[in-house]
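**Q** next comes the sequence, and after it the predicted model I'd like to discuss.
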Amino acid sequence: MRILITNKIEKEIEIVLNELEMPLEGVAVTISNRKDLCDYQFDGVFKLAKLYHKNPMEIGSQIVEKLKNNQDFQKVEILPPGFINFTLSDSCINNELNNMLQNEKYNIKMPAKETIVIDYGGPNIAKPLHVGHLRSAIVGEAIKRMLKYMGHNVISDVHLGDYGLQIGQVIYGLQQENISLQDITLEDLERIYPQMSKLCKEDENVKTICATITKDLQDGNEEYQTYFKVIKELSQSDIKRIYDYLDVSFDLWNGESDAYPYITNVTEELEAKHLLKDSEGAKIVEVSKDSDSKEIPPLIYQKSNGAYLYGTTDLGTIKQRSIDYQPDRILYVTDRRQALHFESVFRVCNLLGYKEKFEHLGFGTVNGPDGKPFKTRAGNTPKLEELFEETKQTFLNSSEKNQGMNESDLDILVNAIIKFADLQNNREKDYIFDIKKFSQITGKTGPYILYTYLRVNKILTQENKQSETLNKIIYNKEDRDLRLKIIELESTLKYAVDTRLPSLLANYLYELCVNINAFYEKNHINNLDDVNKKENWLILLALSNNIIKDMLDLLSIKIPERM
Ligand code: ARG
């Protein structure tokens with residue numbers, strides 16, 4: 001995605017268009033995809049031509065004429081059939097950089113503050129965490145941090161799946177094996193869940209028993225509640241351990257079970273609006289609209305046996321969040337295959353007249369190099385810990401130098417490898433997790449970014465700079481390219497936040513590092529006699545590295561001491 005908005009140039013164009021009495025809604029300037037020709041471009045001339053019935057080249061020339069002498073541009077030109085190309089002046093670039101240096105958060109303009117609940121992670125207790133939950137945690141954590149950085153009041157909720165059929169299955173399995181409450185271990189849960197889930201598929205009777213246990217539990221059966229507490233406690237502490245390792249944290253550890261007290265509330269509202277319909281003993285809410293191009297099935301609110309479903313608990317949870325936090329917006333980060341579920345939940349909220357804005361942020365599947373859902377070398381769908389271990393070993397084996405790293409730095413690298421592999425991809429798409437490729441120190445990888453940072457950091461600790469202000473000079477092409485990339489930060493971050501696509505930020509970081517390395521190959525700072533030049537370059541590198549550090553933090557990637 002290349003479209004990035006650069007407010008400054010847009011403002012200048014708006015002024016000119018008003019002077020020419022040809023106002024235009026939504027003037028959008030984009031970063032050039034032909035950096036050899038210009039820095040930024042404006043394609044809106046064609047719209048103007050249609051709107052005001054004029055020849056594009058003629059309008060373009062009028063705009064260029066007015067901007068030609070503007071100090072911010074070294075060159076403004078119109079290219080047939082009507083593209084306007086901008087090349088920034090050195091003084092404009094350096095002014096922008098100095099503003100970034102002297103103001104908080106790189107002088108980025110913050111949006112109007114909202115209260116936002118973000119629901120991600122979504123692991124299910126008593127079931128193993130899988131790669132899909134890993135993706136939700138990584139993408140969700142990045143979106144949360146980006147929103148916080150932009151000044152929003154963000155509340156994160158892990159929304160545990162803790163009241164589904166799996167609990168009934170595990171309780172049944174524990175009772176069958178006569179395991180008493182105080183003896184239950186995590187290993188029991190890990191063993192029993194797959195056994196029971198298989199058995200339920202084979203034996204309708206067992207399935208009915210497990211469903212009844214689940215329903216009784218939800219209705220408050222004391223015996224089952226005691227089991228539930230023990231199972232939840234064990235499972236949750238294991239989940240927490242994994243999230244700790246990933247540096248992923250939540251303000252709320254609520255689950256589906258916490259939504260139950262709010263369901264009566266929702267039921268009353270639905271009844272008051274006559275929205276609950278009977279359908280073969282079950283209760284449903286019709287959510288389809290005439291304008292739908294594909295059929296949206298009704299939301300099943302309550303099964304004929306009285307049990308509530310996934311959609312019901314999500315509605316209860318929304319009620320709970322609305323009472324507790326009055327959010328402006330609620331975001332959900334889950335597998336994109338849940339899109340229909342969320343669409344129908346959001347529609348019910350609309351029917352009820354809820355004021356919150358809702359967004360389902362779906363993500364694709366993590367595949368292995370064979371293009372099929374990711375498996376470990378042993379051929380299993382991996383437990384996350386095995387995935388971490390395999391990543392660590394691959395990184396260690398990829399270079400002899402890595403073997404001297406300490407354990408905590410290695411854990412940081414494992415995180416960086418896994419997270420950067422994921423976050424560089426548009427979350428909506430599937431991607432191939434190739435441990436070998438993403439563990440390399442070259443290419444678009446976490447280790448490459450970290451290596452670049454440490455390399456620059458070494459120079460910065462060896463040298464001393466006196467000031468924080470750049471002069472007006474840009475010394476060569478690599479120098480200019482780096483400066484231009486730095487000033488793209490604001491538009492990139494804003495765009496990444498607005499679209500909820502951390503991948504835009506991850507790719508920016510990579511491009512920044514490519515520019516830094518090209519700059520460094522060309523410009524050897526250490527043995528430089530020209531003090532002014534040296535000083536300017538040190539300021540530039542320090543700014544670059546601060547950006548890397550802060551943006552890595554938004555992606556929840558830490559920096560090792562050494563590598
Ligand atoms: N537990 C669900 C799963 O494993 C994800 C929960 C997502 N959040 C929500 N409010 N429905 O698929």
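**A** It's in.

**Q** and S89, backbone torsions?
**A** Dihedral angles of S89 (phi, psi; degrees, to the nearest 10) stand at phi -80, psi 160.

**Q** next up, the contacts around the nearest residue to it once chain neighbours are set aside.
**A** Nearest in space to S89, with sequence neighbours left out and distances taken as Cβ to Cβ, 6 or more residues apart in numbering, is Q74 at 4.4 Å. C-beta here means a position set from N, CA and C on the backbone, and glycine is covered the same way. Q74 makes contacts with 87-90, as judged by Cβ atoms under 8 Å, 6 or more residues apart in numbering.

**Q** can you check Q466 too?
**A** E535.

**Q** SS state for it?
**A** At Q466, secondary structure determined by DSSP: H, G, I helix; E, B strand; the rest coil is coil.

**Q** from Y245, how far off is it?
**A** Distance of Q466 to Y245, given as Cβ to Cβ, to the nearest Å: 42 Å.

**Q** so what does N153 look like in phi/psi?
**A** Per-residue torsions, N153: phi -90, psi 100 (degrees, to the nearest 10).

**Q** how many residues are close by the residue in the stretch 451-563 of the chain that the ligand sits nearest to?
**A** Nearest residue of the stretch 451-563 of the chain to the ligand: R500, at 15.5 Å (Cβ to the nearest ligand atom). Per other Cβ atoms under 10 Å, the neighbour tally for R500 reads 20.

**Q** mind listing what's buried along stretch 513-524?
**A** The neighbour-count check on stretch 513-524 (16 or more other Cβ atoms under 10 Å) flags 513-517, 519-520, 523 as buried.

**Q** can you list the buried residues in stretch 259-270?
**A** 259-260, 262-263, 266-267, 269-270.

**Q** nearest to W537, of those?
**A** W537 has its nearest neighbour among the buried residues of stretch 259-270 in A259, at 56.3 Å by Cβ to Cβ.

**Q** kindly indicate whether the closest one is helix, strand or coil.
**A** Secondary structure assignment for A259 (three-state DSSP): helix.

**Q** tell me the contacts of the closest residue to it other than its chain neighbours?
**A** Nearest residue to A259, sequence neighbours excluded (Cβ to Cβ, 6+ apart): G316, at 3.3 Å. By Cβ under 8 Å, 6+ apart, the contact set of G316 is 259-263, 265-266, 308.

**Q** quick one: G316 is in a helix?
**A** Yes: counting by three-state DSSP, G316 is found in a helix.

**Q** who is the closest residue to L270 other than its chain neighbours paired with across the strands?
**A** The spatial neighbour of L270 that comes closest, neighbours along the chain excluded (Cβ to Cβ, 6+ apart), is L276 at 4.8 Å. As for beta bridges, L276 partners with V285 under DSSP bridges.

**Q** from memory L276 sits against A282, does it?
**A** No: with contact defined as Cβ atoms under 8 Å, L276 does not count as touching A282 (10.3 Å).

**Q** strand partners of the helix or strand of the chain with the lowest mean pLDDT, parallel vs antiparallel please.
**A** Within the chain, confidence by mean pLDDT, DSSP states H and E is lowest for strand 29-31 among all helices and strands, at a mean of 88. Take DSSP bridges as the rule and strand 29-31 pairs in its sheet with strand 40-42 (antiparallel).

**Q** what's in contact with the partner strand?
**A** With Cβ under 8 Å, 6+ apart as the test, strand 40-42 has contacts from 6, 9, 13, 27-32, 83-86, 88.

**Q** spell out which parts of the stretch 151-300 of the chain neighbour the ligand.
**A** Taking Cβ under 6 Å from any ligand atom as the measure of proximity, the stretch 151-300 of the chain contacts the ligand at 159, 161.

**Q** for L340, give me its contacts.
**A** Neighbour list for L340: 296-297 [criterion: Cβ under 8 Å, 6+ apart].

**Q** so which strand or helix has it?
**A** Using DSSP states H and E, L340 sits within helix 339-351.

**Q** avg pLDDT for that helix?
**A** The average pLDDT for helix 339-351 rounds to 97.

**Q** now the helices for the stretch 101-250 of the chain?
**A** 131-149, 165-176, 186-202, 204-218, 222-245 (DSSP state H, counting those that start in this stretch).

**Q** the closest residue to E286 other than its chain neighbours: neighbour count?
**A** In space, E286 comes closest to P298 once its chain neighbours are excluded; the distance is 5.0 Å by Cβ to Cβ, 6+ apart. Look at P298: counted by other Cβ under 10 Å, it has 18 neighbours.

**Q** ok, L351 - how many residues close by?
**A** For L351, the count of nearby residues is 16 (other Cβ under 10 Å).

**Q** to clarify, my last question referred to Q338.
**A** By other Cβ under 10 Å, the residues close to Q338 number 16.

**Q** before we move on, what about the one 5 residues further on?
**A** The local packing count at E343 equals 15, with neighbours defined by other Cβ under 10 Å.

**Q** and stretch 202-220, what's buried?
**A** Buried residues in stretch 202-220, counted by 16+ other Cβ under 10 Å: 206-207, 210-211, 213-218.

**Q** may I see those residues arranged in CSV, with pLDDT as well?
**A** Formatted as CSV, these follow (pLDDT from 0 to 100):
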residue, pLDDT
V206, 97
K207, 96
C210, 96
A211, 94
I213, 96
T214, 95
K215, 94
D216, 95
L217, 95
Q218, 93
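
**Q** would you list these in JSON lines and tack on distance to I192?
**A** Converted to JSON lines, the buried residues of stretch 202-220 look like this (distance: Cβ to Cβ, whole Å):
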{"residue": "V206", "distance to I192": "13"}
{"residue": "K207", "distance to I192": "15"}
{"residue": "C210", "distance to I192": "11"}
{"residue": "A211", "distance to I192": "17"}
{"residue": "I213", "distance to I192": "13"}
{"residue": "T214", "distance to I192": "15"}
{"residue": "K215", "distance to I192": "20"}
{"residue": "D216", "distance to I192": "19"}
{"residue": "L217", "distance to I192": "16"}
{"residue": "Q218", "distance to I192": "20"}
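
**Q** tell me which of these is nearest to the ligand?
**A** Within these, proximity to the ligand (Cβ to the nearest ligand atom) peaks at T214, which comes in at 15.0 Å.

**Q** does the closest one touch G168 like I think?
**A** Yes: using Cβ under 8 Å, T214 makes contact with G168 at a distance of 3.3 Å.

**Q** burial of L48, as a residue count?
**A** Using other Cβ under 10 Å, L48 has 21 neighbouring residues.

**Q** how about it, secondary structure?
**A** The local conformation at L48, judged by three-state DSSP, is helix.

**Q** so what's I213 closest to, chain neighbours aside?
**A** Of all residues not flanking I213 in the chain, G168 sits nearest, at 3.8 Å (Cβ to Cβ, 6+ apart).

**Q** quick one: that neighbour and L217 touch, right?
**A** Yes: the criterion here is Cβ under 8 Å, and G168 meets it with L217 at 6.7 Å.

**Q** so can I have CSV of the contacts of G316 showing distance to I474?
**A** Shown next, in CSV, are these (distance: Cβ to Cβ, whole Å):
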residue, distance to I474
A259, 57
Y260, 63
P261, 63
Y262, 59
I263, 63
N265, 62
V266, 61
Y308, 64
